[in-house]
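[1] how would this look folded up:
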Amino acid sequence: MWWIKASIQEYILRSWSLVKMGTTANQKKLFFNLRKAKSKINALDEGDLRPDQVKIIAKRLGVTDQDVIDMNRRLGGDASLNAPIRDDGEAGEWQDWLVDNTPNQEAMLAEHEEYDERRDALNGAMGVLNPRERRIFEARRLADEPMTLEDLAAEFGVSRERVRQIEVRAFEKVQAAVKGTIARAEQAALEAAH
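    Below you'll find the model as predicted:
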């Protein structure tokens, strides 16, 4: 008989709400005993419990205060997001107050286009470098783990200082080329707008 009762209680707990909630031992204990515990301390059926009431119930049932608060709110029943905020219906629905923190599609598209333009400008600017400058620039500035000056000096058979000078010169060339590309793109956009 005990197993039958446990199966029925498990089913009730699983189908109580449209929203799936966990079924830990503490949550089961709270689900089946919270109403009794609230009536013993003369707590109101509706609304949140006072902090002193939460502490008493948590101590009696051997659970945390937060578990009592969470279960009390869950037992309030499911609420529709389409329900009006006030009875007069003037204030709108609860869903109107939900905030979507994901960036909108326009912002994502603009960000993606800007990224593509920057990547294309950098790739175009890399064309002004000779093979040695390009190799040093990529190894020092574009690699996830930049190579040391010493490693590049050994690769090219020059001093570390010479590698540093080549890197600086390559960076200046790339920077000037990128600025030129961006200026031309902005000019073209202005001309297209008029």
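[2] where does the chain have its least confident helix or strand?
    The helix or strand of the chain with the lowest confidence, counting by mean pLDDT, DSSP states H and E, is helix 25-40 at a mean of 72.
[3] Pull the residues that contact whichever helix or strand comes after that one.
    Proceeding N to C from helix 25-40, the next assigned helix or strand is helix 51-61, under DSSP states H and E. Defining contact as Cβ atoms under 8 Å, 6 or more residues apart in numbering, one finds that helix 51-61 is touched by 26, 29-30, 33-34, 37-38, 41, 43, 49, 64-65, 67-69. From N, CA and C alone the C-beta is placed, and that goes for glycine too.
[4] Among these, name the buried ones.
    By neighbour count, with 16 or more other Cβ atoms under 10 Å, these hold Asn26, Leu30, Leu34, Ala37, Lys38, Ala43, Leu49, Asp67, Val68, Ile69 as buried.
[5] Which two among these are spaced furthest apart?
    Asn26 and Ala43 (19.0 Å; Cβ to Cβ).
[6] show me where pLDDT drops low in this structure?
    13-24, 42-48, 76-79, 89 (pLDDT under 70).
[7] for it, which helix is longest?
    Across the chain, the longest stretch assigned as helix under DSSP state H is helix 160-193.
[8] Run through the neighbouring helices and strands of that helix.
    Using 3 or more Cβ pairs under 8 Å, 6 or more residues apart in numbering; DSSP states H and E as the contact criterion, the elements in contact with helix 160-193 are helix 105-126, helix 131-137, helix 149-156.
[9] residues of the last one that come out buried?
    Counting neighbours by 16+ other Cβ under 10 Å, one finds that the buried residues in helix 149-156 are Leu149, Leu152, Ala153.
[10] And the nearest residue to Asn26 once chain neighbours are set aside, how far from Ala193?
    In space, and not counting its chain neighbours, Asn26 is closest to Val63: 4.6 Å by Cβ to Cβ, 6 or more residues apart in numbering. Using Cβ to Cβ, to the nearest Å, we find Val63 at a distance of 65 Å from Ala193.
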